[in-house]
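Asks: below are the sequence and a predicted model for it; my questions follow.
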Amino acid sequence: MTVYSRLERLGFDPNVPNEARITDYFVGGKDNFAADREAARRALDLAPELTMMCHEGRRFLSRAVRYMAGAGIRQFIDLGCGLPTQGNVHEIAQAAAPGSHVAYVDNDPVVVVHAQALLEDDKYTSVIEGDLRYPDELLKHPRLTKLIDLDRPVGILFSFTLAVISDDELMAGIVRGFRDAIAPGSYITIAHSVSDLRPEVTAKLAAMYQDDGIVTGTRREQLRTKAEIEPAFEGLTLVEPGLVYIPMWRPDPGEQTADPDAIWSVGGIGRKDA
């Protein structure tokens with residue numbers, strides 16, 4: 001059975017654009033549909049830097065995973081993982097610490113079907129169709145508990161996924177739910193685009209994504225600000241340099257640093273101490 005015939009059986013509608021597939025288009029991927037490409041082109045008309053921002057986001061993700069692996073983390077949960085691209089979490093983690101376990105979670109059947117096909121022979125990874133809005137339910141999923149031992153430290157990754165949660169209280173509750181469930185010594189990574197640097201552009205993008213149904217829930221007129229992301233780390237100890245624009249978060253030696261003013265996304269890692 002082909003990937004797309006499996007998707008048809010799931011009732012998948014390719015005419016509804018999806019953020020993961022739009023991002024796939026930004027980075028030159030092939031797993032997107034006409035509706036995704038049309039939405040992506042309109043977004044790029046508003047903010048041509050989105051392609052560069054996606055690449056910077058992947059670089060931040062790589063540094064964050066390598067940092068956590070260096071701190072002794074050997075199991076990771078990637079929430080809202082998106083479509084398979086070069087430099088996946090399991091590739092980064094297993095290169096830094098062979099044998100690391102990675103559970104990918106997404107609520108998009110396209111993501112899940114593609115990722116399962118890609119990783120079906122990898123005993124150290126699992127792909128779960130689930131919704132990060134329900135931490136308790138997700139963390140009890142048999143495919144996750146088979147691979148991830150929640151009595152041991154784990155690295156939780158919210159890589160640009162919380163922006164699609166429009167309600168601030170719901171976002172805070174999601175992070176809190178995972179924070180309370182993980183063992184001391186665990187880490188939570190958050191990357192999130194913000195409105196501080198280009199408020200006029202981000203307001204137009206927020207409206208477009210909501211009008212197209214890419215982001216649903218409580219309607220908001222603007223992306224969150226950096227200050228509105230900071231409370232998500234409540235109860236955690238922020239790793240230096242804290243929550244900063246992603247090009248400034250521990251760039252690799254010799255790495256050419258992008259202009260933070262052109263990359264309106266912030267990122268940080270918090271450690272659960274107790």
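Replies: Arrived safely, thanks for sending. None of these values were measured; they are calculated from a predicted model.
Asks: which residues does the spatially most central residue of the chain bridge with?
Replies: Residue closest to the average C-alpha location in the chain (CA atoms, centre = their mean): Ser159, at 2.4 Å. Per DSSP bridges, the residues bridged to Ser159 are Ala191.
Asks: how near is it to Gly57?
Replies: Taking CB to CB, to the nearest Å as the measure, Ser159 and Gly57 are separated by 7 Å. In this view, the C-beta of every residue, glycine as well, is placed from N, C-alpha and C.
Asks: what do the two both touch?
Replies: Applying CB atoms under 8 Å, 6 or more residues apart in numbering, one finds that Ser159 and Gly57 are jointly contacted by Ala191.
Asks: sorry, back to before: who's in contact with the residue nearest to the centre of the chain?
Replies: Applying CB under 8 Å, 6+ apart, we find Ser159 in contact with 57, 61, 78-82, 189, 191.
Asks: lowest pLDDT pick from the residues you listed?
Replies: Scanning the contacts of Ser159 for pLDDT, the low point is Gly82. It has 78.
Asks: for that one, which non-adjacent residue is closest in space?
Replies: Distance criterion CB to CB, 6 or more residues apart in numbering; nearest residue to Gly82, sequence neighbours excluded, is Ala20 at 4.3 Å.
Asks: that neighbour - how many residues pack around it?
Replies: 24 (other CB atoms under 10 Å).
Asks: just the CA atoms of the helix or strand containing it, as CSV, please.
Replies: According to DSSP states H and E, Ala20 maps onto helix 19-26. C-alpha atoms of helix 19-26 as CSV (Å, rounded to 0.1, in the frame of the first residue of the first chain):
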residue,chain,number,x,y,z
GLU,A,19,1.9,24.2,9.0
ALA,A,20,4.3,21.2,8.9
ARG,A,21,3.8,20.8,5.1
ILE,A,22,4.2,24.6,4.6
THR,A,23,7.5,24.4,6.5
ASP,A,24,8.5,21.4,4.3
TYR,A,25,8.0,23.7,1.3
PHE,A,26,10.1,26.4,2.9
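Asks: helices and strands around that helix, which ones?
Replies: Packing partners of helix 19-26 (3 or more CB pairs under 8 Å, 6 or more residues apart in numbering; DSSP states H and E): helix 34-46, helix 50-70, helix 109-119.
Asks: burial of Thr225, as a residue count?
Replies: Neighbour number of Thr225 under other CB under 10 Å is 15.
Asks: go on, Thr257?
Replies: Thr257 has 11 neighbours, counted by other CB under 10 Å.
Asks: likewise for Ala274?
Replies: For Ala274, the count of nearby residues is 6 (other CB under 10 Å).
Asks: returning to that earlier point: just checking, the residue nearest to Gly82 touches Asp108?
Replies: Yes. The pair formed by Ala20 and Asp108 meets the contact definition of CB atoms under 8 Å, at 5.5 Å.
Asks: where does the protein dip in pLDDT?
Replies: Scanning the chain for pLDDT under 70 picks out the ranges 1-12, 84-86.
Asks: can you map out the strands along it?
Replies: Using DSSP state E, the strands assigned to the chain run over residues 75-79, 101-106, 125-129, 155-159, 187-193, 237-238, 244-245, 265-271.
Asks: got CSV for those, with distance to Ser166 too?
Replies: Formatted as CSV, those follow (distance: least, CB to CB, whole Å):
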stretch, distance to Ser166
strand 75-79, 17
strand 101-106, 18
strand 125-129, 22
strand 155-159, 15
strand 187-193, 13
strand 237-238, 25
strand 244-245, 22
strand 265-271, 17
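Asks: Glu56 versus Trp249, what's the distance?
Replies: Relative to Glu56, Trp249 is positioned 10 Å away (criterion: CB to CB).
Asks: can you check His90 too?
Replies: 21 Å.
Asks: now Gly213
Replies: Gly213 sits 27 Å away from Glu56, taking CB to CB as the criterion.
Asks: of those two, which one has the most company?
Replies: Higher neighbour count among Gly213 and Glu56: Glu56, with 22 against 11, using other CB under 10 Å.
Asks: got the contact list for the nearest residue to Asn15 once chain neighbours are set aside?
Replies: Using CB to CB, 6+ apart and skipping the chain neighbours, the partner closest in space to Asn15 is Ala35 (5.1 Å). Ala35 is in contact with 14-17, counting by CB under 8 Å, 6+ apart.
Asks: drop anything exposed from these.
Replies: Neighbour counting over the contacts of Ala35 (16 or more other CB atoms under 10 Å) leaves 14, 17 as the buried ones.
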